[in-house]
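Chemist: Whatever this is, show me its structure:
(2 chains)
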Amino acid sequence: MPDKILREITSLLLPFIQMYGIYVVFHGHLSPGGGFAGGMVLGVSLVLYILVFGLDSCLRKIPHHLSSALESFGTLWYAAVGFVGLLRGASFLMNKGAGIDVGTPGELFSGGLIFIITIGVGVKVASTMLSLFYTLVEED
Amino acid sequence: MRKIFALVVLLPCVAALILLAAELPPYACPDNPTNNEVPARYLEKGVEEAGAINIVTDIIVDYRAYDTLIETTVLFTALVAVMLVLKGVEKQNAR
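Modeler: Residues are numbered from 1 along each chain as shown, chains lettered A, B, ... in the order given. Sure thing, here's the model as predicted:
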């Protein structure tokens, strides 16, 4: 899309949109949001990048097979984190009951497995948005 | 004739749904049956038991983590369905 205003404004705004998405993912246990909402913000920012700068420039940065791999990795990551509870002698996906140190409630690095799971969900949702868009656009 | 038949089928369904909706408890009333000991427990002990100060995250990632685990596969299933529909057709044409 050869519109100069659109390209300049988008290249100014994109870092802030993506930073906000990462912020929402990382603060999922502290403030409203979480993996689904933050991952959606990240994914939509990538879709905006494709719409403005074209499909090929995004495919050079994040190939289709990489986004598909990340997409499968998110769910596997969640399930793998669930086994931590089993390995520590408690039930599947158990967090504090399995004796994991959850830190001080209210700090950024707290929440034990919640923090780790939220990051996995964020990566998964963002890459799902991107893979869906790749699949739909490439079919033209 | 088919329109009359559709009306005869649909109107009782609409009436049943409206009657059902009329029987629902009022919105945000403290005496509602959903306001039992479960949300009280989440609100009082959520931070202590799960470790996150966002109670919603406590519920979806700790108390109901199984639900969220399967929920992440919903998106995966959606992507697989889209790929099957779009890429499957392409393969058949290529043959």
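Chemist: from here on, contacts and neighbour counts on C-alpha atoms
Modeler: OK.
Chemist: What helices and strands are in contact with the helix of greatest length in chain B?
Modeler: The single longest helix within chain B, with elements called by DSSP state H, is helix B:65-94. For helix B:65-94, the packing partners by 3 or more CA pairs under 8 Å, 6 or more residues apart in numbering or on different chains; DSSP states H and E come out as helix A:64-87, helix A:113-138.
Chemist: just how off-centre is it within its chain?
Modeler: 19 Å (CA atoms, centre = their mean, to the nearest Å).
Chemist: Mind listing what's buried along it?
Modeler: By neighbour count on 16 or more other CA atoms under 10 Å in any protein chain shown, the buried set for helix B:65-94 is B:Ala65, B:Thr68, B:Leu69, B:Thr72, B:Thr73, B:Leu75, B:Phe76, B:Leu79, B:Met83.
Chemist: ditto for stretch A:67-76
Modeler: Quick answer for stretch A:67-76 (16+ other CA under 10 Å): A:Ser67, A:Ser68, A:Leu70, A:Glu71, A:Ser72, A:Phe73, A:Gly74, A:Thr75, A:Leu76.
Chemist: go on, stretch A:56-63?
Modeler: Within stretch A:56-63, the residues scored as buried using 16+ other CA under 10 Å are A:Cys58.
Chemist: same thing with stretch B:37-46?
Modeler: B:Tyr42, B:Leu43, B:Gly46.
Chemist: which residues sit in contact with A:Ile119?
Modeler: Residues near A:Ile119 by CA atoms under 8 Å, 6 or more residues apart in numbering or on different chains: A:Val25, A:Phe26, A:Gly35.
Chemist: Let me know the pLDDT of residue 74.
Modeler: Reading this off chain A. pLDDT, A:Gly74: 86.
Chemist: Chain B was what I was after
Modeler: For B:Val74, the pLDDT comes out at 88.
Chemist: next one: the one 5 residues further on
Modeler: In this model, B:Leu79 is scored at 86, pLDDT.
Chemist: Check A:Tyr23 too.
Modeler: Listed pLDDT for A:Tyr23 reads 93.
Chemist: quick revisit: columns distance to A:Ser131 on top of the buried residues of helix B:65-94, output as a markdown table?
Modeler: Output for the buried residues of helix B:65-94, formatted as a markdown table (distance: CA to CA, whole Å):
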| residue | distance to A:Ser131 |
| --- | --- |
| B:Ala65 | 25 |
| B:Thr68 | 21 |
| B:Leu69 | 20 |
| B:Thr72 | 15 |
| B:Thr73 | 14 |
| B:Leu75 | 11 |
| B:Phe76 | 10 |
| B:Leu79 | 8 |
| B:Met83 | 10 |
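Chemist: I'd like to know which elements the strand or helix carrying B:Pro39 is packed against.
Modeler: Assigned by DSSP states H and E, B:Pro39 belongs to helix B:37-50. Applying 3+ CA pairs under 8 Å, 6+ apart, one finds that helix B:37-50 makes contact with helix B:55-57.
Chemist: Distance check, the spatially most central residue of chain B against A:Gly74.
Modeler: Centroid check for chain B by CA atoms, centre = their mean gives B:Glu71 as the closest residue, at 10.0 Å. Distance, B:Glu71 to A:Gly74, using CA to CA, to the nearest Å: 12 Å.
Chemist: do the same with B:Phe76
Modeler: Relative to A:Gly74, and taking CA to CA, B:Phe76 is found at 10 Å.
Chemist: Also B:Pro25?
Modeler: Distance from B:Pro25 to A:Gly74, by CA to CA: 39 Å.
Chemist: helix/strand/coil for A:His29?
Modeler: Put simply, A:His29 is coil when judged by DSSP: H, G, I helix; E, B strand; the rest coil.
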